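Visitor: build me a structure from this.
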Amino acid sequence: MAVIEAIETIYLEADAVSVTTATLPTTFEHLQVRLSLHSERAGSDQLYFRPNSDSASVYSFGFMEGVNTTETANHAFTGYAFANLREMPYVDSDRTSYGTYIIDILDYRNTSKNKTIMCTQGMNGVVGTDPNRVVFGEALWDSTVAITTLHFYTIGTGFSRGSSITVYGLNSS
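Guide: Numbers count the residues shown, from 1 in each chain. Predicted structure coming up:
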């Protein structure tokens, strides 16, 4: 039977430029992160992710996206200094709506393999002329270093008050 346990919840009482988790425990096999986010940027904004705040150009990512009735797929973004987890609601859109994300990080403490990240994201009625979207994405952190912290930031001015991030640990036993 799988065991899942909440490790940390970060709830923003004020706007924040970025968010970094506390040091993660080494007692789990995998991590799942659930986010509810809104950007403070006046225009379109993206969610960026860096394990251990690593800013080296060692990330690759891609996505499949459905926006209203249009589908898009893109991949082979390589050599970046971040993993792009796609768009989120921003100031010009509905101020009361938040985009949701579920991120799975497999074998986060394994020092024998690179780290893979899977992300599912959705928004309904919150982004300008493209109000409804669902995104399935993946990323590779080309590093065998164990993940000890998770760092999230935006290309804009940061996250709005009320945004939240919860980290869960998963074991398969």
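Visitor: partners of the worst-scoring helix or strand of the chain on mean pLDDT, with directions?
Guide: Least confident helix or strand of the chain, by mean pLDDT, DSSP states H and E, is strand 70-80 with a mean of 80. Next to strand 70-80 in the sheet, as set by DSSP bridges, lie strand 59-67 (antiparallel).
Visitor: quick revisit: next helix or strand past the least confident helix or strand of the chain?
Guide: Scanning forward in sequence from strand 70-80 by DSSP states H and E, the next helix or strand is strand 83-88.
Visitor: for that following strand, packing partners?
Guide: With contacts taken as 3 or more CB pairs under 8 Å, 6 or more residues apart in numbering; DSSP states H and E, strand 83-88 sits against strand 45-51, strand 59-67, strand 99-105, strand 115-124, strand 132-141. To be clear about C-beta, it is placed using only N, CA and C from the backbone, and glycine gets the same treatment.
Visitor: and the fourth one, which strands flank it?
Guide: It refers to strand 115-124. strand 99-105 (antiparallel), strand 132-141 (antiparallel).
Visitor: for Tyr168, find the nearest of these.
Guide: Taking CB to CB, strand 99-105 is the member of those nearest to Tyr168, at 9.8 Å.
Visitor: C-alpha coordinates for that closest one, PDB please?
Guide: Taking C-alpha atoms only, strand 99-105 is exported to PDB below (Å, rounded to 0.1, in the frame of the first residue of the first chain):
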ATOM      1  CA  GLY A  99      -4.200  28.100 -11.600                       C
ATOM      2  CA  THR A 100      -3.700  24.600 -10.200                       C
ATOM      3  CA  TYR A 101      -0.700  22.400 -10.700                       C
ATOM      4  CA  ILE A 102       0.200  18.900  -9.700                       C
ATOM      5  CA  ILE A 103       3.900  18.100 -10.000                       C
ATOM      6  CA  ASP A 104       5.400  14.600  -9.600                       C
ATOM      7  CA  ILE A 105       9.100  14.200  -8.900                       C
END
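Visitor: contact partners of it?
Guide: By CB atoms under 8 Å, 6 or more residues apart in numbering, the surrounding residues in contact with strand 99-105 are 30-38, 47, 49, 51, 85, 87-89, 115-123, 126, 147, 150.
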